[in-house]
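Student: pasting the structure only:
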């Protein structure tokens, strides 16, 4: 009868096992729904209750039948694995007080703000900006779309909130300039005077940025090497200005090219009025060497005390006479009318030097003329086969500081003429020597139009000897500019006349084929200190 009893217990065991499974599923589903509200301690208690319940049911199953022990243990093992998959292991609570922060925690405000869902268009936009800064472009794009759907002008609202107009005014406010950027002692007076007048607004803004910069030395050749020494970087501006002044007196072109070295030197070259005043009023390149009245006769002899004198230079300008030149400059600038042109007509001395008409002495002016004329036809050829001649000739003008000049009309090219364009070669019979083109050179004098005679500035008058003693010639030219960088490097024709001494009549030359003069620098001329056939070192 025992086998029959065992067979009768099998359906009861299966029913109980199925009932246990059903209850376990219901408890698991109920726990998964209430997991967020239960907390870690409730989850731990629930887990322990589930485990004890499962153990109770498993023990009850074992007491009914020993033949299905293996099947019951397998069911229990499977139930434990399913519980682990649904509910991960939970660590015990650390308590209300936690000291320090976790690695994945940023800050309390950001955590609270991140959990807060955006509602308004501005909050969506701010959240989108935050996501974009974190690199979540997809979430940022969705938030941007929601923000613009709620308010099409949300970007303007965001800008007014986080970037008000006062923010841009504060950002664009220039930094205060250091009144003593060279760190010179306070006992040393700062004689430097910088002026940005007469320049465009764009250039002024650029120069203002350069004003706070310093001279930077050359970077080190390697990361571990010390930087090369740069003594000029530690020189105060007062001493550096004196160095630049001597350079400008020696060669103003080299002084201007110094602006290409660095930004600090570009600022000093462009704005240092002390240097530009010395250049503009000095006799080396400035208007102290200009003549607004004829200073000599046609043959170069002085006019005398009763003639129109103008500004007369000394007889020498060697390096040993530098102190005399400086003394002459200091005594004449106070009474020089050129100094009164700033700032009434010209805003700065730099503008005065560049814009006011002046003559250059360290080179010569050359006019190249090309024209064509028909040749003589041959009696044995037809008319359309007649030759065409191309005629080329040159005009040369060189001006000297004492008011004299040399004029030459020749077919010789500049390479054959310029090296001999000196006073010592005028009116000489050179024969077959290389200086033979100078045999037709003419000596003359020059002056500029100026306020002394009530004339408009910019006109150059040149008077030279004629081809024969009974004539003398007059050229009237206007100073102009050719190119972008240079100034006063071109002479345009206004008129060319000759005067007959015997009949007191004026004649007019035709200027149909004549072309303007263009200035060319000649290094062998130096500073142009040459008078009366004697060359002085400048």
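Tutor: Looks like it came in fine. Worth saying up front: this structure is predicted, and the values here are computed from it rather than measured.
Student: Paired strands for the helix or strand where residue 389 lies, with orientation please.
Tutor: In the assignment (DSSP states H and E), residue 389 maps to strand 388-399. When pairing is defined by DSSP bridges, strand 388-399 lines up against strand 363-374 (antiparallel), strand 404-410 (antiparallel).
Student: residues making contact with that strand?
Tutor: For strand 388-399, the surrounding residues in contact (Cβ atoms under 8 Å, 6 or more residues apart in numbering) are 359-361, 364-375, 405-414, 417-418, 421, 446, 462, 491, 514, 517, 525, 528. Heads up, the C-betas are built off the backbone N, CA and C, glycines and all.
Student: what sits against residue 431?
Tutor: With contact set as Cβ under 8 Å, 6+ apart, residue 431 has no partners.
Student: Compute the distance between it and residue 438, please.
Tutor: 11 Å (Cβ to Cβ, to the nearest Å).
Student: Start and end of stretch 218-234, how far apart?
Tutor: End-to-end span of stretch 218-234 (Cα to Cα, to the nearest Å): 14 Å.
Student: Thought residue 234 was touching residue 240, still the case?
Tutor: No: the criterion here is Cβ atoms under 8 Å, and residue 240 misses it with residue 234 at 10.1 Å.
Student: quick one: which of these two has more around it?
Tutor: Applying other Cβ atoms under 10 Å to residue 240 and residue 234 shows that residue 240 carries more neighbours, namely 19 against 12.
Student: Is that one in a helix, a strand, or coil?
Tutor: Here residue 240 is helix, with the state taken from DSSP: H, G, I helix; E, B strand; the rest coil.
Student: Make sure residue 299 is indeed in a strand.
Tutor: No: using three-state DSSP, the assignment for residue 299 is coil, not a strand.
Student: How many residues are close by it?
Tutor: Residue 299 has 11 neighbouring residues, counting by other Cβ under 10 Å.
Student: Now it: closest residue in space, sequence neighbours ignored.
Tutor: residue 443 (6.2 Å; Cβ to Cβ, 6 or more residues apart in numbering).
Student: Distance of that neighbour relative to residue 462?
Tutor: 11 Å.
Student: Residues that sit against both of these two, list them.
Tutor: With Cβ under 8 Å, 6+ apart, residue 443 and residue 462 have common neighbours residue 405.
Student: Please list only the buried members of the contacts of strand 388-399.
Tutor: Among those, those scoring as buried are 359-361, 364-367, 405-408, 410, 412, 417-418, 421, 446, 462, 491, 514, 517, 525, 528 (criterion: 16 or more other Cβ atoms under 10 Å).
Student: where are the low-confidence patches of the protein?
Tutor: Counting by pLDDT under 70, the chain shows low-confidence ranges at 1-12, 34-115, 166-201, 203-204, 304-336, 378-385, 452-453, 530-538.
Student: how is it carved up into domains?
Tutor: Domain ranges of the chain: 2-64+74-86, 117-171, 201-219+228-293+309-349, 363-535, per automatic domain parsing.
Student: Looking at the ones you listed, spot the one closest to residue 300.
Tutor: With Cβ to Cβ as the criterion, residue 300 lies closest to domain 363-535 of these, at 4.8 Å.
Student: related to what we said a few turns ago, would JSON lines of the strands paired with strand 388-399 with distance to residue 345 be doable?
Tutor: JSON lines is the format used below for these (distance: least, Cβ to Cβ, whole Å):
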{"stretch": "strand 363-374", "distance to residue 345": "26"}
{"stretch": "strand 404-410", "distance to residue 345": "27"}
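Student: I'd like to know which of those strands is closest to residue 476.
Tutor: Closest to residue 476 of those is strand 404-410 (Cβ to Cβ; 13.4 Å).
Student: For that closest one, give me every contacting residue.
Tutor: 296, 300, 393-399, 417, 421, 423, 426, 437-438, 440-446, 462, 464, 473, 475, 531.
Student: If we use 6 Å, what do you get?
Tutor: 296, 300, 395-399, 437, 440-442, 444-446, 464 (Cβ atoms under 6 Å, 6 or more residues apart in numbering).
Student: Please check those and keep the buried ones.
Tutor: Neighbour-count burial (16+ other Cβ under 10 Å) applied to those gives 296, 300, 395-399, 437, 441-442, 444-446, 464.
Student: Thanks a lot, see you next time.
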